[in-house]
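Student: My questions concern the predicted model and sequence given below.
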Amino acid sequence: MRIRPAAWRRRIAFYWLAREGGGLASLIIAIPVFALAAIFAFAWSSRSDDESRHLATARQRSAELRCLAENIYFEARGEPLNGQYAVAEVTLNRVRSPLFPKTICAVVHDTRWDSQRHRFIAHFSWTQLEDRGDPWGPHWQQAMAVAAAVIDDAHMPVVPDALYYHADSVHPYWANSKRIIARIGSHIFY
């Protein structure tokens with residue numbers, strides 16, 4: 001019988017390990033223990049990877065929820081409930097649009113260059129206020145509930161295709177080029 005070189009080297013290694021490691025009995029016990037340890041290590045690393053991904057997803061959702069709730073709070077806390085839903089929908093519609101960033105927080109804090117003022121201005125003006133304070137109270141709790149409902153798609157859309165809005169007390173230069181979808185509270189949605 002011919003022994004291939006690779007098999008021959010394995011047999012030498014096996015006999016050497018059996019002799020040096022305290023005999024064949026030690027080797028027979030060590031191999032299953034090593035195999036079980038390897039299986040356990042692999043399972044543990046897979047579990048911790050799943051937990052890490054789940055934790056990262058939960059953190060991302062929490063950050064996105066907070067950004068959306070802040071936008072609702074600072075833009076529409078005195079508005080009727082439908083107006084708050086509409087502000088949230090505009091934010092998410094922008095996330096889905098190729099014209100805007102791809103996350104809620106990026107949309108909320110997005111800026112553009114204003115050639116008349118020669119500076120960057122925010123799409124949502126509250127994001128540029130230095131002393132806006134922290135959201136709190138019943139308005140904040142309602143903004144969080146509205147944000148969660150919109151993110152979870154647990155409400156009927158109020159302004160399904162709207163990408164823009166403004167207060168009815170101002171008339172931005174871009175308003176004439178857009179079609180009005182709805183007027184809710186003190187906001188006009190396009």
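Tutor: Alright, I've got the coordinates. Residues are numbered from 1 along each chain as shown.
Student: residue ranges of the helices in this protein, please?
Tutor: 5-20, 24-76, 81-96, 104-108, 137-151 (DSSP state H).
Student: weakest of those in terms of mean pLDDT?
Tutor: Ranked by mean pLDDT, the helices of the chain end with helix 5-20 at the bottom, a mean of 56.
Student: how far away is the residue nearest in space to the middle of the chain from Cys105?
Tutor: Centroid-nearest residue in the chain: Gln60, 3.6 Å away (criterion: Cα atoms, centre = their mean). Note on Gln60: its distance to Cys105, by Cβ to Cβ, to the nearest Å, is 9 Å. No exception for glycine: its C-beta is placed from N, CA and C like everyone else's.
Student: One more: Ala86?
Tutor: 20 Å.
Student: More neighbours: which of the two?
Tutor: Ala86 (28 against 18; other Cβ atoms under 10 Å).
Student: ok, the more buried one to Ile181 distance?
Tutor: Ala86 sits 9 Å away from Ile181, going by Cβ to Cβ.
Student: so what sits against both of those two?
Tutor: Residues touching both Ala86 and Ile181 (Cβ atoms under 8 Å, 6 or more residues apart in numbering) are Val159, Ala162, Phe189.
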